[in-house]
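In: Curious how this folds, go ahead:
(one chain, ligands or ions: 1)
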Amino acid sequence: MEYQTLHWKGDATGSLCMIDQTLLPTEFKEIDCWTVEGVWEAIKMLRVRGAPAIGVAAAYGVVVGTRELREASRQDFNKKLTEVVKYLASSRPTAVNLFWALDRMSALALKESSLASLAMHDRLLEEARRIHVQDREMCAAIGRHGSELLKSGTGVLTHCNAGGLATGGDGTALSVMFAAAAAGKSIRVYADETRPLLQGARLTAWELQQRGIPVTVICDNMAAQVMKEDRIHAVVTGADRIAANGDAANKIGTYGVALLAKAHGIPFYVAAPSSTFDLSLSTGDKIPIEQRSREEVAEGFGRQTVPEGVDVYNPAFDVTPADLITAIITERGVVQRPNRELIAAHLAEDAIA
Ligand SMILES: CSC[C@H]1O[C@H](OP(=O)(O)O)[C@H](O)[C@@H]1O
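Out: Below is the predicted model:
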């Protein structure tokens, strides 16, 4: 089935429509967000999730949050815009795309300070749509570049969900697989279920099934064994924030998969658009790691699985050091053995290649 992770519905006074990913794979339901609180809650509760998708949702969230001030003074409009940006920035801390998108929207308002509120609001919707279209284009380019790294007849392991559901387009890691399959390469994907929220089992398996790409779901603790059985010939994951030296934050468990890949001599690729890089951070140990609720671990399957009173630790991300990353795939191409200098040069190149 064709699906759009999220899209703007109606004119500038319309709403942000998105798939509620917490209901997949058993229920496909789209929800309309008419308030910035609704957008914030959707990001916080992972109804919309995935670094690029969070950025696109936040951009549209600015439009939703300022919609009622189209006739207000520009001073009042700017005050509301600042409040809305700060509020959306508090939804989740790790995916830098959220802050990158909010900064782009704020910068536009600063640049167009002479516009009346109504015209400014229209321009903000245009900018959010532009961010969305550019993300879709970056996903396609990532697929093109990454597909060349996958040979036909190989097994590819991925962790969490870096598919169309995580972006404004075809995904990052999954875009590589979609492009390889479209190029006639036969691949089998092994999807880590990705505890505690099961983005791999629930979302990655669903997306690959929709595209007719063979996929096998494994528990997270099976990754070493499937590598040892020579079922895996490449690992491709997404990222939520990549520091200037190439250290990459991604869903919890990714670091462990990278260590396993190294131990088995399997290439480990990170696929991400340039909007996922945070050059203000020199290394990955400065990336903020989101801590999530006890209930996600202790009551994740509709039943209590941890005794009352027992502590639970639930970091939602970890950081893979650059020396475990074989290459980073972006819309501009592939950075082999990423380091600070190579990344800086890569990002200085023209945009989409
Ligand atoms: C294409 S980036 C997807 C990235 O985001 C996921 O995190 P979450 O599901 O918590 O938003 C995960 O880290 C994916 O790799």
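In: So which bits of this protein are right by the ligand?
Out: 46, 49-52, 160, 162, 166-167, 172, 199, 237-238, 240, 250-251, 316 (C-beta under 6 Å from any ligand atom). (Each C-beta comes from the backbone N, C-alpha and C, glycine too.)
In: could you check the distance from Pro338 over to the ligand?
Out: Distance, Pro338 to the ligand, by C-beta to the nearest ligand atom, to the nearest Å: 17 Å.
In: thought that residue was touching Leu324?
Out: No - if you go by C-beta atoms under 8 Å, Pro338 and Leu324 don't touch, sitting 10.5 Å apart.
In: Neighbour count for the two, which is higher?
Out: Pro338 (22 against 19; other C-beta atoms under 10 Å).
In: ok, the more buried one - contacts?
Out: 245-246, 322, 325, 327-328 (C-beta atoms under 8 Å, 6 or more residues apart in numbering).
In: would you turn the residues you listed into a markdown table with pLDDT?
Out: Output for those, formatted as a markdown table (pLDDT from 0 to 100):
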| residue | pLDDT |
| --- | --- |
| Asn245 | 98 |
| Gly246 | 98 |
| Ala322 | 98 |
| Ile325 | 99 |
| Ala327 | 98 |
| Ile328 | 98 |
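In: Please report which of these has the highest neighbour count.
Out: Ile325 (27 neighbours).
In: my read: it touches Ala271, true?
Out: No - Ile325 is beyond contact range of Ala271, at 10.9 Å (criterion: C-beta under 8 Å).
In: From start to finish, how long is stretch 181-196 in a straight line?
Out: 29 Å (C-alpha to C-alpha, to the nearest Å).
In: burial count for Arg123?
Out: The number of residues near Arg123, taken as other C-beta under 10 Å, comes to 18.
In: tell me the contacts of it?
Out: So Arg123 contacts 108, 112, 115 (C-beta under 8 Å, 6+ apart).
In: Tell me the one among those residues nearest to the ligand.
Out: Nearest to the ligand, judged by C-beta to the nearest ligand atom, of the contacts of Arg123 is Leu108 at 24.2 Å.
In: so what's that closest one up against?
Out: 123-124, 127.
In: that's a strand at it, yeah?
Out: No - counting by DSSP: H, G, I helix; E, B strand; the rest coil, Leu108 is not part of a strand but helix.
In: so Val39 touches Gly65, yeah?
Out: Yes - using C-beta under 8 Å, Val39 makes contact with Gly65 at a distance of 7.4 Å.
In: Flag the shaky bits of this protein, pLDDT-wise.
Out: The chain contains no residues with pLDDT under 70.
In: residues contacting the residue in it sticking out farthest from the centre?
Out: Going by C-alpha atoms, centre = their mean, the residue of the chain most distant from its centre is Ser73, 35.8 Å out. By C-beta under 8 Å, 6+ apart, Ser73 lies in contact with Ser117.
In: quick one, phi/psi of it?
Out: The phi/psi pair for Ser73 (degrees, to the nearest 10) reads phi -70, psi 160.
In: And it, how far from the ligand?
Out: Going from Ser73 to the ligand by C-beta to the nearest ligand atom gives 37 Å.
In: Can you show me the strands along this structure?
Out: 6-9, 15-19, 30-33, 154-158, 187-192, 215-218, 234-237, 241-243, 248-251, 268-271, 277-278, 317-320, 327-330, 333-336 (DSSP state E).
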